[in-house]
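> what follows is a protein structure lacking sequence information:
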Ligand SMILES: Nc1ncnc2c1ncn2[C@@H]1O[C@H](COP(=O)(O)OP(=O)(O)OP(=O)(O)O)[C@@H](O)[C@H]1O
C-alpha cells in the first residue's frame, strides 16, 4: 500500500515536472526551443562529418552497393529516381544512399511528397524511373498509428501478450508485461483494464508499446509526433535515440528532428530533394551557406553580362521567399501565440486525462476531454507545420 502510494506520488511528480517544462516551453517560445539543441548538435558533429563524406562520394555507388549488400551495410540506395502524380512532380532525379545506423529525417511542406518518398524507399510503391535497391537482411518495422488498430475489449495485458502468458517478448527478450507497461507509463492497475477505458493519447502509447516489441533493424515512422502526447513523445525520443538500427523519419517537428537525425532529406520544390548532413538546424545553415556562395559569384559575373545573356531567374524557394506576403508575415507573428495556447490547453487536458479518478468520476467528460485533446494535437501539428514552412521561407531571406 505504502509502495503503491509512493509510486502514485512519483508519477504525479513526473507529470508535474512535465507540465512545468511544457509551460516553460510555451513561455520561451519556439525559437528558444530551437536553439536549445546547440550542445547536442556539437556531439553530432562527427556523425555529420562522416555523412558529408558519404554524400560527397557520389559515383562509387556500384562498389558500395555490392559491398553493402553482402555485409548488410547498405540499407537503401536510390539512383536517379523520378516520380510524379499527373503534373505534380514528387521526385526529379533523386539519388541517395542510406547506410546501416543512419537516421534520416524527411522534411518538406504539406503535400510535397514525403510519404510517397518514404513508400518508395521501403518498396511500397514503385518509382516512375530510376532504381531503388534495398540491402539484405532488413527487418523493417513501420510505425503507423493510422494503420494500426486495437481491440477495445481486450485488456492492455491481453493486447501485449495475446492473453496466454504474463511475459511479453521485447525484441527477442522476455519481459514481464506489467514491467513493460510501466516502461510506457501505464500503472499496474491499468494492465487489467480494457483498452476502451484509455484516452486517445494512451491508446496511441499502447500501440507504440506493442509495435516496439518487434525486433527490427530498420524503423520507419511517418509523422509519429502528430498523434502522440508530450510524455509519449519523450518516450519515443528515448527509444529512437537508443535504437541501433536505421531510422527513416518523416516529421515536421524540427526539435524532434534536431535531436535524432544524422541527415535530412529536404523537399526543395519542383521535385528537387536535397540530402543534408545533420538535423533541421544544420540543414538550414547549410542551405544558407550554399545560397550565399551561389549569390556571391553570379553577381559579379552578371554585372559584366548584357541583359540578353543573363540567365533566366531560377524558380527557387528563395525567390518565392522574397515575396513573403503580408498575410504570411502576419501568420508568422500570430502562429507562435496560437501554438502556445494550444500547448497550454493540451497540457491541461493531459493532466485531467492522467488523473486516475477522472474516468470513474465522469466517463462522458473524460471521453470528451480525450477527443478534444486529440483534436488539439492535430491542430497543433498543422499550425507547427504552417509555421515551419513560413519560418523556412523567412530564414531564406534573413538567415537563421
Ligand atoms: N496514389 C496517388 N495517386 C495520385 N496522387 C497521389 C497519390 N498518392 C499521393 N498523391 C498526391 O501526391 C502528393 C504528395 O502526397 P504525399 O502524401 O506523399 O505528401 P506528403 O508530403 O507526405 O504530405 P503531408 O505532409 O500532407 O502528409 C499529394 O498531392 C497527394 O495528393
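That came through, no problem. Source: prediction; values computed, not measured. Residues are numbered from 1 along each chain as shown.
> the stretch 201-350 of the chain: helices as residue ranges?
Secondary structure of the stretch 201-350 of the chain (DSSP state H, counting those that start in this stretch): helices located at 230-242, 254-260, 280-304, 317-321, 326-354.
> most tightly packed of those?
Highest mean neighbour count among the helices of the stretch 201-350 of the chain (mean count of other C-beta atoms under 10 Å): helix 254-260, with a mean of 22. For the C-beta atoms, the positions are set from N, CA and C on the backbone; glycine is no exception.
> which helices and strands sit right next to it?
In this structure, helix 254-260 makes packing contacts with helix 2-35, helix 38-43, strand 103-107, helix 230-242, strand 246-250, helix 280-304, judged by 3 or more C-beta pairs under 8 Å, 6 or more residues apart in numbering; DSSP states H and E.
> re earlier: let me have the helices of the stretch 201-350 of the chain in TSV, adding distance to the ligand and mean pLDDT as columns.
Formatted as TSV, the helices of the stretch 201-350 of the chain follow (distance: least, C-beta to the nearest ligand atom, whole Å; pLDDT from 0 to 100):
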stretch	distance to the ligand	mean pLDDT
helix 230-242	18	83
helix 254-260	14	84
helix 280-304	15	62
helix 317-321	15	42
helix 326-354	17	85
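> could you dump these into TSV and include distance to residue 108?
As requested, those are exported to TSV (distance: least, C-beta to C-beta, whole Å):
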stretch	distance to residue 108
helix 230-242	20
helix 254-260	12
helix 280-304	11
helix 317-321	10
helix 326-354	17
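> quick one: closest of those to residue 115.
With C-beta to C-beta as the measure, helix 254-260 is the member of those nearest residue 115 (16.1 Å).
> and the stretch 101-250 of the chain, which residues reach the ligand?
Residues of the stretch 101-250 of the chain found near the ligand, taking C-beta under 6 Å from any ligand atom as the criterion, are 108, 110-116.
> identify the farthest-apart pair in these.
Taking C-beta to C-beta, the two most distant members of those are 110 and 116; they sit 12.8 Å apart.
> of those two, who's got more company?
The residue with more neighbours, out of residue 110 and residue 116, is residue 116; 19 against 11, by other C-beta atoms under 10 Å.
> which residue is the nearest non-sequential neighbour of the more buried one?
In space, residue 116 comes closest to residue 90 once its chain neighbours are excluded; the distance is 5.0 Å by C-beta to C-beta, 6 or more residues apart in numbering.
> please pick the buried ones from the residues of the stretch 101-250 of the chain next to the ligand.
108, 112-116 (16 or more other C-beta atoms under 10 Å).
> which of the residues you listed fall within helices?
Among these, the members found in helices (DSSP state H) are 114-116.
> quick check: residue 370 vs residue 157, distance?
21 Å (C-beta to C-beta, to the nearest Å).
> wait, I meant residue 229
With distances defined as C-beta to C-beta, the gap from residue 229 to residue 157 amounts to 22 Å.
> so who does the residue in the stretch 301-400 of the chain that the ligand sits nearest to touch?
Here the stretch 301-400 of the chain gets closest to the ligand at one residue, residue 385, 7.1 Å apart by C-beta to the nearest ligand atom. The neighbours of residue 385, taking C-beta atoms under 8 Å, 6 or more residues apart in numbering as the test, are 109-110, 252.
> can I get these in JSON lines with pLDDT?
Listed next are these as JSON lines, based on pLDDT from 0 to 100:
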{"residue": "109", "pLDDT": "86"}
{"residue": "110", "pLDDT": "85"}
{"residue": "252", "pLDDT": "84"}
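> which of these sits closest to the ligand?
residue 110 (4.2 Å).
> just give the nearest non-adjacent residue to the closest one, would you?
In this structure, residue 110 finds its nearest non-sequential neighbour in residue 385, 6.1 Å apart by C-beta to C-beta, 6+ apart.
> pLDDT score assigned to that neighbour?
Residue 385 carries a pLDDT value of 73.
> ok so it is a helix residue?
Yes - using DSSP: H, G, I helix; E, B strand; the rest coil, the assignment for residue 385 is a helix.
> can you tell me how far it sits from residue 160?
The spacing between residue 385 and residue 160, counted by C-beta to C-beta, is 33 Å.
> residue nearest the centroid of the chain?
residue 251 (3.2 Å; C-alpha atoms, centre = their mean).
> who's in contact with it?
The neighbourhood of residue 251, defined by C-beta under 8 Å, 6+ apart, consists of 105-107, 221, 223-225, 257.
> lowest-confidence member of those residues, which is it?
For those, the minimum pLDDT belongs to residue 225; the value there is 73.
> quick check: closest non-adjacent residue to it.
Sequence neighbours aside, residue 253 is the residue nearest to residue 225 in space, at 4.5 Å (criterion: C-beta to C-beta, 6+ apart).
> list the contacts of residue 252.
The contact partners of residue 252, taken as C-beta under 8 Å, 6+ apart, are 107, 223, 225, 381, 384-385, 388.
> now the residues you listed as JSON lines including distance to residue 374?
Output for those, formatted as JSON lines (distance: C-beta to C-beta, whole Å):
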{"residue": "107", "distance to residue 374": "24"}
{"residue": "223", "distance to residue 374": "14"}
{"residue": "225", "distance to residue 374": "14"}
{"residue": "381", "distance to residue 374": "11"}
{"residue": "384", "distance to residue 374": "16"}
{"residue": "385", "distance to residue 374": "17"}
{"residue": "388", "distance to residue 374": "21"}
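> by neighbours, which of these wins?
Neighbour count (other C-beta under 10 Å) singles out residue 107 as the most crowded of the contacts of residue 252, with 25 neighbours.
> so what are the domain limits for this structure?
Per the record's domain assignment (the TED database), the chain is made up of the domains 51-61+70-139+219-293, 147-215, 326-398.
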